[in-house]
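Asker: please work out how this folds:
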Amino acid sequence: QVQLVESGGGLVQAGGSLRLSCTASGNIFNIDDMGWYRQAPGKQRELVAGVSATGDTKYADSVQGRFTISRDKAKNAVYLQMNSLKPEDTAVYYCKADGAVQSGVVLSAFSSWGQGTQVTVSS
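Answerer: Below is the predicted model of the structure:
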């Protein structure tokens, strides 16, 4: 019902920057929380950064001060500016959104993931 499309991943040298984008589409009534997660090979998926509907943000300790999450509510989009990248940031990055969809007069909750975008940081 809700599709998330990510872009902006790629290969970058340590110390470089990348900006990830994610746009949600579908019968969206509202989006509450949006966030970025990542999963490195052999590791569990982890929260990188999240932003609420009111703009409150949270970050993993490992990215605090280097990554910035932002969202454009009018575009149903969320962004992740990643600076001072390190090899340990290498992972597949996933966008996630939670909210409600509308079908007629019925509202239903949704929780959707994007397909993931690869970020590789070389040393």
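Asker: point out where the protein drops to low pLDDT.
Answerer: For the chain, applying pLDDT under 70 flags no range at all.
Asker: the strands in it, which residues?
Answerer: Taking DSSP state E as the criterion, the chain carries its strands at 2-7, 10-13, 18-26, 28-39, 46-51, 57-59, 67-72, 77-82, 91-103, 106-113, 117-122.
Asker: what about the most centrally placed residue in the chain, distance to Gly16?
Answerer: In the chain, the centroid-proximal residue (Cα atoms, centre = their mean) is Trp36; its distance is 2.8 Å. The gap separating Trp36 from Gly16 is 18 Å, by Cβ to Cβ, to the nearest Å. For every residue, glycine as well, the C-beta is placed using N, CA and C.
Asker: residues in contact with the nearest residue to Ala60 once chain neighbours are set aside?
Answerer: Take Ala60 and drop its neighbours on the chain: the residue closest to it by Cβ to Cβ, 6 or more residues apart in numbering is Val48, 5.5 Å away. Contact analysis of Val48 by Cβ atoms under 8 Å, 6 or more residues apart in numbering lists 35-38, 59-60, 63, 67, 80, 93.
Asker: next: Trp113.
Answerer: If you count contacts by Cβ under 8 Å, 6+ apart, Trp113 has them with 4, 94-96.
Asker: now, which of those residues sits nearest Gln102?
Answerer: Leu4 (17.6 Å; Cβ to Cβ).
Asker: how much space between the closest one and Ser122?
Answerer: In this view, Leu4 and Ser122 are 27 Å apart by Cβ to Cβ.
Asker: still on that earlier bit, burial-wise, tell me which of the strands of the chain comes out on top.
Answerer: Ranked by mean neighbour count, the strands of the chain are led by strand 77-82 with a mean of 22 (mean count of other Cβ atoms under 10 Å).
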